[in-house]
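Chemist: Here is a sequence with its predicted model. Questions after.
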Amino acid sequence: MAPPGQPDDARPLVALRAVGRDFDVSRPWLNRMLEHAPRQLLRAVDDFSAEVRRSETLALVGESGCGKSTVARLIVGLFPPSRGRIEFDGTPQTAAAEGLWSDAVRRRMQMIFQDPYASLNPRWRVMDIVAEPLRAHGLMTRRADLRARVFELLTQVGLAPADGDKYPHEFSGGQRQRISIARALSSAPEFLVCDEPTSALDVSVQAQILNLMRALQEKLGLTYLFISHNLAVVSQMATRVGVMYLGRLVELADAATLFSRPRHPYTRMLLDAIPDLEMSGRARTPVAGEVANPLDPPPGCAFHPRCPLANQRCRIERPQLKAEPDSTLVACHAAEEGRIPA
Amino acid sequence: MSRATLGRAWDSDLFYSFRHSPVAVAAAALVLVCIGGALLAPWIAPHNPFDLASVDLLDALAPPVWASQGKAAYLLGTDNQGRDILSAILYGTRISLRVGVAAVLFSMVLGVTLGLLSGYLGGRVDALLMRIADVQLSFPAILIALLIDGVARVALPREWQAGMAVYVLILAIGLSGWVQFARTVRGSTLVEKNKEYVQAARVIGRHPAAIMLHHLLPNVMGPVLVIATIHLATAIIAEATLSFLGVGMPPTTPSLGTLIRVGNDYLFSGEWWIAVFPGAALVVLVLSVNLLGDWLRDALNPKLR
Amino acid sequence: MDARGTALLEVRNLRVEFPTRRGTLVAVDDVSFDIAPGEVLGVVGESGAGKSLTGMAIIGLLEPPGRIGAGQVLLEGRRIDNLRRESLRQIRGRRIGAIFQDPLTSLDPLYTVGRQITETIQAHLPVSRREARERAIALLSEVGIPAPERRLDHYPHQFSGGMRQRVVIALALCAQPKLIIADEPTTALDVSTQSQIITLLQRLSREHHAAVMLITHDMGVIAETAHRVAVMYAGRIAEIGPVRSIIHSPRHPYTAGLMRSIPRVGATGVRLAQIDGAMPRLDAIPRGCAFHPRCPQRFEPCDRERPPLLETGDQRAACWLHGAPRTA
């Protein structure tokens, strides 16, 4: 059910409302007892709210420890959120025994992983790997139907139908990612979560896979959530970009706007840190410090120790996401106070 | 298996290593001989030592055929009841292998299952199972087998005990050996369950049992094979030990261990063949199984290739 | 040949091979280059191109069964590829420093950082323990570690990833080597840390006047750090020359394809140019030019004869587009 006044297809495909996720990284109970050490909770994601609209590619960028992979795994239901709500096409996650999403929802969303060498079961043939979603959801049972569908999928991702009889170790990294994509597409999903799908690939292979993903998106009307630490790749693929830092969303904007007029100081720092292939000799603002320890984030705005624009308010008060005139969302006191230089 | 598969197997690294290891080939040959002898015992044994009617007390304590008082009918001599030692060895090996293989299979199924559950489910299940394993490991395996055997004796009525001896032995030795399988499989499961292909299966929505059986099991079985081969030797020795101690196979259906027990009393009074030949047979069997297991472990170790 | 003067490192016709039971696989095939003091040579290529193996061969850390099959490596005019193990060990550290990809495993977790640095200094330089410690403090400060006197007594796990890599760089520099081999020094780091390390490497190579061989798959890092670059493909050098020329006007079709397939910020929504196919496996390297099956500009001699590095502009490219083969 869409909000009143909104037709159904204006409803976002995925909605996250104030989602948070903690991980208990305490030492074992016995050690804690003997050492009088407190429980340690890692806030991997904190107060994350965003929507994924149909047919778009929403990218989440950030450095290690920012929580983007955790958000991806929360959305596909690998574990439940500690706080907040996640909805898929209006349906909220349940606490049902069968898992967080019903079978009907799981059929409509799929995931592609980062490591091409660990995301395919080495003991299964490609044919079985690609057909697994079909079998698991009972979409096809006859062997001939399954084979035909697998051939179709393998061809769609640029492999040969005969590759179905081979084992994963007979393929290169790029080819394995193609197999992963074929598996993800087999149940004809609408939504794909892509967790750093090309980070482990060589540059020329990456280009092939990114082109393939764009072509498939156009042809099949897919919606992507694209997780990456590589801003150049994101620039290539995304319609909207969200920047995360220490578990929080700090900026969310259209891709073109984000890359031409970044607001948040962290976004600016990230863009500045990208090595300059054009060799324009541009002056670089030196990057300050390193990502803080997520177990003990700084108070107030998590970025303030490294921020050139930090003031007293930044040290105490945590900024909320506020909309700018061009509908960019930024969580920054300096942006709100108009202190960001052009 | 198609021709192509056989051809690939012949060419594979494993078979190559086998062909080039004289120890492995010799060990395999000996194992085959023992198995062959055991399987074909009813046909190739000159006598049937379990058939009480055919055993003649007058032929008791006859020495091997090459000694001065040896009889041609009894190549390796007879024991104190007139049973042919050679036939007894063949039938005894049959029992040793049967108990050994069955016990290892029992340990394997139990251990692999518990290891998978422990590794995948984690939490309390894991903690409970591993504590049980730890407790069991603090007892020697033979003691555990003795314990189970003793319980069985008390529980079963007397007239069933002889017939059920084999099953009791299999249960006892099997239950004493599951821990090593469980621990190894648990370790491999812990590694594999964090790999992305398992996460992919969870995203698809597969049931944990299906994930454990279809995804994890094929990937954790590797070291299991090596452990099973080495365990086989241990199981055979365990059965022999229990029979030697008198709590294993009864004298009416003797295994190699029982024969050694019987011969033990006569060892220093001159009738050495009753203990020595079964002992030698046991040594050959266990040694060749061990050597085969050693080769397998080294051949399957990717770091040594 | 390098026109800059006496080269510190000369690699001549280096060949690295792996004997297997199915035949000998050649992973690095007839590779030659020089590095002058104070110069940073980038060696760039995709996985399987042989760049790491080249670096390992130079330091003498090839893992058996890999071995140097042919060629020479000269450091300051003297051969080091045929030295016995003990002599090679003395050269490593004193005259060659190494920085590897993973800062987690490059440092011994059981010893403090200070102990590792002072031990290395004392193993190669005739200084007292106190002086070695002072040098270590100065080095840590030079690589940008705050409060070095205190951090000297910390263990590697007490440093963050970027800081650890700085310690590794300090360790590589501590015996004042003339040549530094850096194998993917920034790959495991976040992009903001990466830019810090790049700046550090630039400054250090200038100040210490060391020759640096920077091995990486990341063209961006090369663009910022290197003076010259060698592009490797299937164990061979495809193109070598000044970094500006290679990046802005590549003469080898592989380099050109590679540059076009790198995504750039700001180019939203444009389809990336791609090179079809993949790098050949070591046991299936094509005859003639290794790149020809994937090359959009291949013509008659490319599948017959392997092109040597041919002069074109101020770079050299192994491509028949820039010269005539001997056999017509």
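Modeler: Cool, the structure landed.

Chemist: Could you list the low-pLDDT ranges of chain C?
Modeler: Along chain C, the model assigns pLDDT under 70 to residues C:1-5, C:268-269, C:327-328.

Chemist: need the contact list for the residue most central in space within chain A.
Modeler: Central residue check for chain A by Cα atoms, centre = their mean: the C-alpha nearest the mean position is that of residue A:227, 3.3 Å away. Residue A:227 makes contact with A:59, A:60, A:61, A:68, A:69, A:71, A:72, A:193, A:194, A:195, A:196, according to Cβ atoms under 8 Å, 6 or more residues apart in numbering or on different chains. All C-beta atoms are positioned from the backbone trio N, CA, C, and that covers glycine.

Chemist: gap between the helix or strand hosting it and the chain center?
Modeler: Per DSSP states H and E: residue A:227 is located in strand A:223-228. Taking Cα atoms, centre = their mean, to the nearest Å, the mean C-alpha location of strand A:223-228 is offset from the chain mean by 5 Å.

Chemist: In CSV: the contacts of residue A:227, plus pLDDT, distance to chain B and secondary structure.
Modeler: As requested, those are exported to CSV (pLDDT from 0 to 100; distance: Cβ to the nearest Cβ, whole Å; DSSP: H, G, I helix; E, B strand; the rest coil):
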residue, pLDDT, distance to chain B, secondary structure
A:59, 96, 20, strand
A:60, 96, 17, strand
A:61, 94, 21, strand
A:68, 93, 16, helix
A:69, 92, 11, helix
A:71, 95, 14, helix
A:72, 95, 10, helix
A:193, 96, 8, strand
A:194, 96, 12, strand
A:195, 94, 9, strand
A:196, 93, 11, coil
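
Chemist: Tell me the one of the residues you listed nearest residue A:103?
Modeler: residue A:193 (17.6 Å; Cβ to Cβ).

Chemist: I'd like the distance between the closest one and residue B:216.
Modeler: The gap separating residue A:193 from residue B:216 is 23 Å, by Cβ to Cβ, to the nearest Å.

Chemist: What of residue B:32?
Modeler: The gap separating residue B:32 from residue B:216 is 33 Å, by Cβ to Cβ.

Chemist: if we can go back for a sec, quick one, which of the contacts of residue A:227 are buried?
Modeler: Buried residues within the contacts of residue A:227, defined by neighbour count using 16 or more other Cβ atoms under 10 Å in any protein chain shown: A:59, A:60, A:61, A:68, A:69, A:71, A:72, A:193, A:194, A:195, A:196.

Chemist: how about those in TSV, adding distance to residue B:186?
Modeler: Output for the buried ones among the contacts of residue A:227, formatted as TSV (distance: Cβ to Cβ, whole Å):
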residue	distance to residue B:186
A:59	39
A:60	35
A:61	38
A:68	32
A:69	26
A:71	31
A:72	28
A:193	30
A:194	33
A:195	28
A:196	30
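
Chemist: Can you pick out the most distant pair from the residues you listed?
Modeler: The largest distance within the buried ones among the contacts of residue A:227, taken as Cβ to Cβ, falls between A:61 and A:193 and amounts to 14.7 Å.

Chemist: returning to what we had before: looking at residue B:32 and residue B:216, which one has more neighbours?
Modeler: Between residue B:32 and residue B:216, residue B:216 has the larger neighbour count (other Cβ atoms under 10 Å in any protein chain shown), namely 26 against 11.

Chemist: Using the three-state scheme, assign the more buried one.
Modeler: Following DSSP: H, G, I helix; E, B strand; the rest coil, the label given to residue B:216 is helix.

Chemist: wait, isn't it in contact with residue B:186?
Modeler: No. Look at residue B:216 against residue B:186 with Cβ atoms under 8 Å: they stay out of range, at 11.0 Å.

Chemist: any shared contact partners between these two?
Modeler: Residues touching both residue B:216 and residue B:186 (Cβ under 8 Å, 6+ apart): residue B:116.

Chemist: quick one: which of the buried ones among the contacts of residue A:227 is nearest chain C?
Modeler: residue A:61 (9.7 Å; Cβ to the nearest Cβ).

Chemist: SS state for the residue nearest to residue A:273 when sequence neighbours are not counted?
Modeler: Distances taken as Cβ to Cβ, 6 or more residues apart in numbering or on different chains place residue C:195 nearest to residue A:273, at 4.1 Å, with adjacent residues excluded. Using three-state DSSP, the structure places residue C:195 in helix.

Chemist: what ranges of chain B fall below the confidence cut-off?
Modeler: Low-confidence segments of chain B, defined by pLDDT under 70: B:1-13, B:301-305.

Chemist: top helix in it by residue count?
Modeler: helix B:85-121 (DSSP state H).

Chemist: Just the CA atoms of stretch C:286-297, as PDB, please.
Modeler: The C-alpha trace of stretch C:286-297 is given here as PDB (Å, rounded to 0.1, in the frame of the first residue of the first chain):
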ATOM      1  CA  PRO C 286      49.800 -17.200 -28.100                       C
ATOM      2  CA  ARG C 287      52.500 -17.400 -30.700                       C
ATOM      3  CA  GLY C 288      54.000 -14.100 -31.900                       C
ATOM      4  CA  CYS C 289      52.600 -11.100 -29.900                       C
ATOM      5  CA  ALA C 290      50.900 -12.400 -26.800                       C
ATOM      6  CA  PHE C 291      48.100  -9.700 -27.100                       C
ATOM      7  CA  HIS C 292      47.200 -10.300 -30.700                       C
ATOM      8  CA  PRO C 293      44.000 -12.400 -30.200                       C
ATOM      9  CA  ARG C 294      42.500  -9.500 -28.400                       C
ATOM     10  CA  CYS C 295      44.000  -6.700 -30.400                       C
ATOM     11  CA  PRO C 296      41.700  -4.500 -32.500                       C
ATOM     12  CA  GLN C 297      44.600  -3.500 -34.600                       C
END
